[in-house]
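Fold the following.
(3 chains)
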Amino acid sequence: MKYLLNTWYVAAWADEISAADLLARTLLEQPILFFRDSQGSVQAIYDRCPHRFAPLHEGKRVGDSIQCAYHGLHFDGSGACAHNPHGDGKIPKAACVRSYPVVERDGLIWFWPGDVALADESSIADFAFYQQAPAAAKGKGYLPTKANYELLSDNIMDLSHVDYLHPDTLGGGALSSARAEVQELPDNKVRISWWAPNEAPPPAFGAHLKDPSIADVWADVVWHPPGYMLLRSGATEPGAAVEDGPHSVNLHLMTPQDAGNTHYFYANTRSFERDNQPLNDFIQQMLLGVFANEDKPMVEAQQRQMGNVDLLGLNPVLLPVDAGAIRCRRVLKRLIDSESAVLQAKSA
Amino acid sequence: MKYLLNTWYVAAWADEISAADLLARTLLEQPILFFRDSQGSVQAIYDRCPHRFAPLHEGKRVGDSIQCAYHGLHFDGSGACAHNPHGDGKIPKAACVRSYPVVERDGLIWFWPGDVALADESSIADFAFYQQAPAAAKGKGYLPTKANYELLSDNIMDLSHVDYLHPDTLGGGALSSARAEVQELPDNKVRISWWAPNEAPPPAFGAHLKDPSIADVWADVVWHPPGYMLLRSGATEPGAAVEDGPHSVNLHLMTPQDAGNTHYFYANTRSFERDNQPLNDFIQQMLLGVFANEDKPMVEAQQRQMGNVDLLGLNPVLLPVDAGAIRCRRVLKRLIDSESAVLQAKSA
Amino acid sequence: MKYLLNTWYVAAWADEISAADLLARTLLEQPILFFRDSQGSVQAIYDRCPHRFAPLHEGKRVGDSIQCAYHGLHFDGSGACAHNPHGDGKIPKAACVRSYPVVERDGLIWFWPGDVALADESSIADFAFYQQAPAAAKGKGYLPTKANYELLSDNIMDLSHVDYLHPDTLGGGALSSARAEVQELPDNKVRISWWAPNEAPPPAFGAHLKDPSIADVWADVVWHPPGYMLLRSGATEPGAAVEDGPHSVNLHLMTPQDAGNTHYFYANTRSFERDNQPLNDFIQQMLLGVFANEDKPMVEAQQRQMGNVDLLGLNPVLLPVDAGAIRCRRVLKRLIDSESAVLQAKSA
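I've put the predicted structure just below:
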């Protein structure tokens, strides 16, 4: 499968990589080993010793390097062999592994699978709001999912599904009945927005309104290539300003493992009762249930019914509400095709 | 794999589909959803929403339709989209799924995977005897089996295996020693018969004879394409009329799931002690043991040793007793080839 | 995958095949059934009935034959059908299975997958030392491993891994620091030797030296095609004769199941405290732990990281210590290529 290469992907939550523990994760079909060096900086190298192809994640950190568990060669964060314990200790020229640019920012580990010369940290999306929110007003998680990452993005870009898949929590019927507005933004972003005045709010917001039976319900998702979504949604007293009602800001970050598997990272913050820890515990439990027991099984079932064929290859019957998801797919395809063309021109 | 298409296949026992529960089953490599509409009539539709390819069996019945669990579209038994809950509710022309002719008869659900115009209910085999038998003289079951349906049919068409695979219950040595007669019948049926006078009867019949040590032993199987067998067998006092001795009438119905998996339905009735419930319980337990612990593992092992190659492709050493099974395979191949030729002529 | 055919392979330990029990094992991608005839001689036949392809290992021994569990045909050790219980009992000419030359020697069962006319028992390696060792000074085992047999041979031919993979038992740092000498021997054998004077001995030997902190450490492996290794290693007081110190003689015998699976047989004897049963129990437990929990997982992980590609196809970075393993791979390739050329010339 073709992926966008010259872009930043989320590899992990920063707290998944401790000073002591190594993290092995397959991203874009490449086995990658993440570890912290003696300064605490995260390093990413190809997870396979070039000598006998042992997985380096079976080894251990020694100083700023990983010592292979099989024959003891050391590799540092640049991918260079830093030590050969055998015989005269000479290091063969070819004894190195690929390393990847890595940035730790806002509690996330980003990695760059493309041309190192093009890796520009300033292009990393700004998700600082999550770390800035108080501890009792937020939560996050990681859900490995057996489905293509675009199917998971589609799921977020078409929120009308909440009325059917999550009727008792996130859905209330409002979004299905509203017309979604789709807009292409600068930097290849896509926005989809729902505005449903005078509707029944979703239970999760209704409980925090004076009158839980009627509200102006809204949602807004901004997609960034290759698969990140900033989702804001809320409900407010009919006619009031949207920011006055309870609302939440969420991240849904999809990184492909391979054509049929995705590393799905999610996070959420809320605008109300931001120091209420028991409420936060309840909400995080509820959201984990929704994502792990409703979304994940559905998208995995969808993938199984589709087999290995891409969604558009099966000629889906599209509804107006699919406009956002389809726009994202087209933007991503355009970016990948354009990158491929440049690579082909270079190699020709 | 090629299957005979313009024919009726058994999809399920009627009691597998309740008023409330949906039944998802893959038949001839197609995922199919069976459900009862508000009148109790069984409907069969392709088990994949044309919108986003969610499995419809994850949804629920609403009126005469299935509501998709993902975005709430409704599909009725004709496969038409009966309701779109989104926006203005307009239903796209392409929003429909394939539906299949279905007939409920004699406790069986039959479905027709071929040309709808050719679906003729009068061609459904008459297996009414099973429902007509008293409750204490019959039993039935369903055994999904990891083997090709023709291997399972071969197993029934060559009953000599009972002497080796089921020596303590159904076999007694008589059938192996007898010569089997094979006969082609009208409507592409094939009969195979065994007549073994003055032999040791199988234990299951011997226990119901005055002298369990000697009997005229007989068996008779009529195969219907694509894979149904009506099996009658019994044992009688030497010289007496065959119907006077204990005998049984059985169904062995094989429906392909795919090249390597079969939905195997079986049923049996008997001629003796037809109101003896404890005896019936004992017999049903015994037969389930024979089919599930002896036949099924053997045919699955056979399939594993053969890999994905068809039986005849491996040049088996054939014995006279294989004549019935091989005749059925030839008839089925002739029917499939002839159907393919017609389809090719039409498309040319 | 291509294998060397005109050679003896270890199929089993002799005590894996009892008088009563059959042993089914896939060797070189062929399912083979081993059994003892009425004289106790081991026989090897293809494990698939030529009638309906039932696995013969589901059957039972009757006299000198195996009776197929499905329809009762008998096959003897020569592969001939010895009995057909059906009808007139005539045996079709084609009713036979392949049989393989088999030799039981020194507690091992050897089989020959190639041209029967070339099977020469005198070419079987002499491993009599194992049976001759006292019971309290030896042990053996069988470890089916999910890796190619050449990867497992490489593991033994490069013992420098013991310092990293087994640092607390077999490794002590000595072998990594020594230079390995490689030598091609007659009959396509390859020897690799390590000589490390005045080094810390491995814990397993150090415990049996007066001064466990310093010793002359040595190891020597002779590889026989297609994948057998006789490994001798020990440690002795600096300057003393090597045979004076504690040492062990070991077998590591690799037989391919298929490209990604190996039947790994190991055995060991020792020079010291040869009647100490508690010590023997301790050593056998320790070695099983080393092989099953350290070597086997590492080589399996290596295979997973390599996928289905051959080691040399991935351009490994080779170190001087790989010289022995690479020499074995070249010898084996030369033998297989030469055998293929002869076969092609014959068929042309």
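
Identify the residue nearest the residue positioned nearest the centre of chain A in space, chain neighbours excluded?
Centrality entry for chain A: nearest residue to the mean C-alpha point is A:Leu253, 1.8 Å, by C-alpha atoms, centre = their mean. Distances taken as C-beta to C-beta, 6 or more residues apart in numbering or on different chains put A:Phe265 closest to A:Leu253, at 4.2 Å, once the chain neighbours are dropped. Quick note: C-beta positions are derived from backbone N, CA and C, even for glycine.

ok so, going back, helix, strand or coil for the residue nearest to the centre of chain A?
strand (DSSP: H, G, I helix; E, B strand; the rest coil).

got the buried residues for the helix of greatest length in chain A?
The single longest helix within chain A, with elements called by DSSP state H, is helix A:323-347. Buried positions in helix A:323-347, judged by neighbour count with 16 or more other C-beta atoms under 10 Å in any protein chain shown: A:Ala323, A:Gly324, A:Ala325, A:Ile326, A:Arg327, A:Cys328, A:Arg329, A:Val331, A:Leu332, A:Leu335, A:Ile336, A:Glu339.

Just give me the closest of those to chain C.
Chain C has its nearest neighbour among the buried residues of helix A:323-347 in A:Ile336, at 24.6 Å by C-beta to the nearest C-beta.

How about the stretch 51-200 of chain A: which residue is closest to chain C?
Counting by C-beta to the nearest C-beta, the stretch 51-200 of chain A gets nearest chain C through A:Gly72, at 4.2 Å.

what sits against that residue?
A:Pro85, A:His86, C:Asp163, C:Tyr164, C:Ser176 (C-beta atoms under 8 Å, 6 or more residues apart in numbering or on different chains).

for the helix or strand containing the fourth one, packing partners?
This means C:Tyr164. Using DSSP states H and E, C:Tyr164 sits within helix C:162-165. Judged by 3 or more C-beta pairs under 8 Å, 6 or more residues apart in numbering or on different chains; DSSP states H and E, helix C:162-165 is in contact with helix C:174-177.

Against which helices or strands is the helix it packs on packed?
If contacts are counted by 3+ C-beta pairs under 8 Å, 6+ apart, helix C:174-177 sits against helix C:162-165, strand C:189-199, strand C:215-224.

could I have the helix-or-strand element of chain A with minimal mean pLDDT exported to CSV, CA atoms only?
Least confident helix or strand of chain A, by mean pLDDT, DSSP states H and E, is helix A:174-177 with a mean of 84. Extracted C-alpha coordinates of helix A:174-177, given in CSV (Å, rounded to 0.1, in the frame of the first residue of the first chain):
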residue,chain,number,x,y,z
ALA,A,174,-30.0,15.8,16.1
LEU,A,175,-27.0,15.3,13.8
SER,A,176,-28.8,12.9,11.4
SER,A,177,-31.5,15.5,10.8
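
what's the angle between the next helix or strand after it and helix A:323-347?
Next in sequence after helix A:174-177, counting helices and strands by DSSP H and E, comes strand A:180-185. On the basis of axes from the mean of the first three to the mean of the last three C-alpha atoms, to 10 degrees, strand A:180-185 is oriented at 30 degrees to helix A:323-347.

now strand A:180-185, how far from the centre of its chain.
Remark: strand A:180-185 is offset 21 Å from the chain centroid, using C-alpha atoms, centre = their mean, to the nearest Å.

what's the answer for stretch A:43-51, then?
On C-alpha atoms, centre = their mean, the centre of stretch A:43-51 falls 24 Å from the chain's centre.

contacting residues around it?
For stretch A:43-51, contacts defined as C-beta under 8 Å, 6+ apart pick out A:11, A:24, A:30-37, A:54-57, A:66, A:68, A:70-71, A:73, A:75-77, A:79, A:94-102, A:111, C:305, C:316-319, C:322.

So stretch A:137-145, near chain B or not?
No. Residues of stretch A:137-145 are not located near chain B by C-beta under 8 Å from any C-beta of the partner chain, the shortest gap being 15.0 Å.

Can you dump the C-alpha atoms of that stretch in CSV for me?
Below are the C-alpha coordinates for stretch A:137-145, written out as CSV (Å, rounded to 0.1, in the frame of the first residue of the first chain):
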residue,chain,number,x,y,z
ALA,A,137,-11.3,17.6,32.6
LYS,A,138,-9.6,15.3,30.2
GLY,A,139,-8.6,11.8,29.2
LYS,A,140,-6.9,9.9,26.5
GLY,A,141,-6.4,6.4,25.2
TYR,A,142,-4.9,4.1,22.6
LEU,A,143,-6.9,1.5,20.6
PRO,A,144,-5.2,-0.7,18.1
THR,A,145,-7.9,-1.5,15.5
